[in-house]
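# predicted model follows, preceded by the sequence.
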Amino acid sequence: MIITRDIEYIGVNDHSVDLFEGMYKVPQGVSYNSYVILDEKIAVMDTVDKECGKVWLEKLREYLKERTPDYLIIQHMEPDHSANILQFTQEYPQTTLVASTKAFEMMRNYFGTEFEDRRMIVADGDRLSLGHHKLVFIGAPMVHWPEVMLTYDATDKVLFSADAFGRFGALDVSLEWVEEARRYYFGIVGKYGLFVQKLLHKVSELEVHRICPLHGPVLSENIGHYVELYDKWSRYEPEEEGILIAYTSVYGNTRNAVLLLEEMLKERGCKVEIRDLARCDMSEAVAQAFRYSKLVLATTTYNAGIFPFMREFISWLTERYFCNRTIGFIENGGWAIIAAKVMGEMLEKSKGLTFLETIVRIISSVKEENMRQLQMLADELCNNKAE
């Protein structure tokens with residue numbers, strides 16, 4: 001895949017992985033991206049996952065033909081990008097490794113060496129000339145590991161963005177960027193919004209024609225749109241006005257209340273989605289919670305607490321600094337109902353949350369009083385805008 005006249009894509013698609021990072025479902029696979037800049041001197045941008053190393057090295061040999069790379073630029077040390085560094089150095093023993101100080105420290109942990117005899121340590125603002133192409137290194141610590149740096153090709157206006165602007169899904173599958181990029185961002189990068197904001201400030205000073213991430217497609221059109229989404233996501237601002245109802249239900253009674261509320265909200269012209277936390281992809285539910293301005297949590301009292309899937313969901317949210325949203329509660333139970341209290345306590349340290357006055361309290365099954373409460377909750381959700 002040709003990126004520009006001198007830049008070639010040599011990444012690989014992985015359809016064998018079922019859980020990315022051991023937890024994120026990837027039914028459409030994932031890509032591990034690597035690039036080559038062909039100039040007077042040749043730079044290879046990152047390696048790929050261990051399982052795909054043989055295919056990657058074959059693609060690299062085929063593209064280079066008789067030439068050998070001068071530099072391997074290592075932007076991120078997570079093993080899905082760095083696993084083949086040692087194999088690369090054995091194949092190309094004269095190549096210089098280019099990375100941050102922290103990245104070389106991590107190499108010792110992974111490979112038992114910091115490659116002192118063949119390394120070039122770079123930091124934010126450092127430059128490297130390949131001949132025609134002039135590279136500028138951009139420090140991006142904690143986006144989303146401490147050693148991360150990005151690389152800007154000032155000649156072709158290409159930003160090699162490490163894990164920023166990445167997306168789940170292999171490149172041989174047709175997918176909308178935003179859905180899988182949102183799930184990827186809030187699952188993996190979302191905790192580090194402050195550091196993403198610092199990176200975006202640096203990127204705003206660059207003229208960028210293409211973004212080459214380590215996962216997902218090369219972005220070459222509407223760059224401003226992708227940057228705007230990253231800005232919203234990293235500020236923890238709602239992407240759009242709407243309501244997510246996330247629920248768990250044991251015998252169907254809480255689910256019945258959720259479906260009734262969904263119907264009432266639609267009658268009022270509000271955009272609404274629902275997720276059954278026991279059955280949906282948890283990372284997708286989390287992404288939708290960050291997408292919308294309002295969230296309704298509906299669950300049962302369970303073992304003097306709340307149903308486990310709801311507890312897990314709220315933990316995912318708070319770990320990623322969920323904030324600046326409007327929250328409503330539906331609780332259920334046969335006795336000693338405390339679900340709303342527990343959910344509120346789990347969210348009490350989250351900033352900028354507005355809790356609606358109406359709490360729907362179901363004792364076992366939906367009754368006439370609950371119908372009135374659901375109507376009141378629907379009115380509050382559709383009339384109150386997120387701050």
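It's in.
# average pLDDT across stretch 85-93?
Computed over stretch 85-93, the mean pLDDT rounds to 96.
# over to stretch 296-306?
94.
# go through that stretch and flag the buried ones.
296-302, 306 (16 or more other Cβ atoms under 10 Å). C-beta here means a position set from N, CA and C on the backbone, and glycine is covered the same way.
# does the nearest residue to Met376 once chain neighbours are set aside belong to a helix, a strand or coil?
Counting by Cβ to Cβ, 6 or more residues apart in numbering, the nearest residue to Met376 once its immediate chain neighbours are dropped is Thr358, at 4.5 Å. Secondary structure for Thr358, judged by DSSP: H, G, I helix; E, B strand; the rest coil, is strand.
# repeat that for Met346.
Going by three-state DSSP: Met346 is helix.
# domain ranges for the protein, per the record?
If you go by automatic domain parsing, the domain ranges for the chain are 7-235, 242-383.
# regarding the longest one, how distant is the last residue from the first?
Terminal residues of domain 7-235 are spaced 33 Å apart (Cα to Cα, to the nearest Å).
# can you tell me how far Gly68 is from Ala43?
Careful, residue 68 is Thr; it's not Gly. 12 Å (Cβ to Cβ, to the nearest Å).
# now swap in Leu86 and tell me
Look at Leu86 and Ala43: by Cβ to Cβ, they are 19 Å apart.
# out of these two, which sits in the more crowded spot?
More crowded of Leu86 and Ala43, by other Cβ atoms under 10 Å: Ala43, with 25 against 17.
# residue contacts, the more buried one?
36-37, 69-73, 98, 128, 130, 133, 135 (Cβ atoms under 8 Å, 6 or more residues apart in numbering).
# could you redo the last one with a cut-off of 10 Å?
7, 35-37, 69-73, 95-96, 98, 128, 130, 133, 135, 151, 153, 160 (Cβ atoms under 10 Å, 6 or more residues apart in numbering).
# next step: the residues you listed restricted to strands.
Within those, residues falling in strands by DSSP state E are 7, 35-37, 71-73, 96, 98, 128, 135, 151, 153, 160.
# show me how to select, in ChimeraX, the buried members of the residues you listed.
To isolate in ChimeraX the members of the ones in strands among the contacts of Ala43 that are buried, counting by 16+ other Cβ under 10 Å, one can use:
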select :7,35,36,37,71,72,73,96,98,128,135,151,153,160
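# which two among the ones in strands among the contacts of Ala43 are spaced furthest apart?
Ile7 and Thr96 (19.2 Å; Cβ to Cβ).
# for Met264, see how far away the residue positioned nearest the centre of the chain is.
The centroid of the chain falls nearest to Tyr185 when counting by Cα atoms, centre = their mean (1.6 Å). Distance, Tyr185 to Met264, using Cβ to Cβ: 32 Å.
# do Lys41 as well
65 Å.
# more crowded one of these two?
Neighbour comparison, Lys41 and Met264: the larger count goes to Met264, with 20 against 16 (by other Cβ under 10 Å).
# picking that back up, which residues touch the residue nearest to the centre of the chain?
144, 163-167, 178, 193, 196, 229-230, 233-234, 287, 290, 320.
# ok, now how distant is it from Ser283?
10 Å.
# one more: Leu199?
From Leu199 to Ser283 the distance is 22 Å (Cβ to Cβ).
# can you check Phe355 too?
25 Å.
# which of those two has more neighbours?
Ser283 (21 against 15).
# any idea what Asn332 is bridged to?
Thr300, Ile362 (DSSP bridges).
# show me what contacts it?
247-251, 253-257, 298-302, 307, 339-340, 360-366, 370 are the contacts of Asn332 under Cβ under 10 Å, 6+ apart.
# burial check on Arg127, number of neighbours?
11.
# may I ask you to confirm that Asn383 is in contact with Gly269?
No. Asn383 is not in contact with Gly269 according to Cβ atoms under 10 Å; the separation is 11.2 Å.
# in a helix, the residue nearest to the centre of the chain, correct?
Yes. Assessed by three-state DSSP, Tyr185 belongs to a helix.
# could you report the distance from it to Tyr230?
In terms of Cβ to Cβ, Tyr185 sits 7 Å off from Tyr230.
# shared neighbours, the two?
What both Tyr185 and Tyr230 touch, as defined by Cβ under 10 Å, 6+ apart, is the set 164-165, 193, 196.
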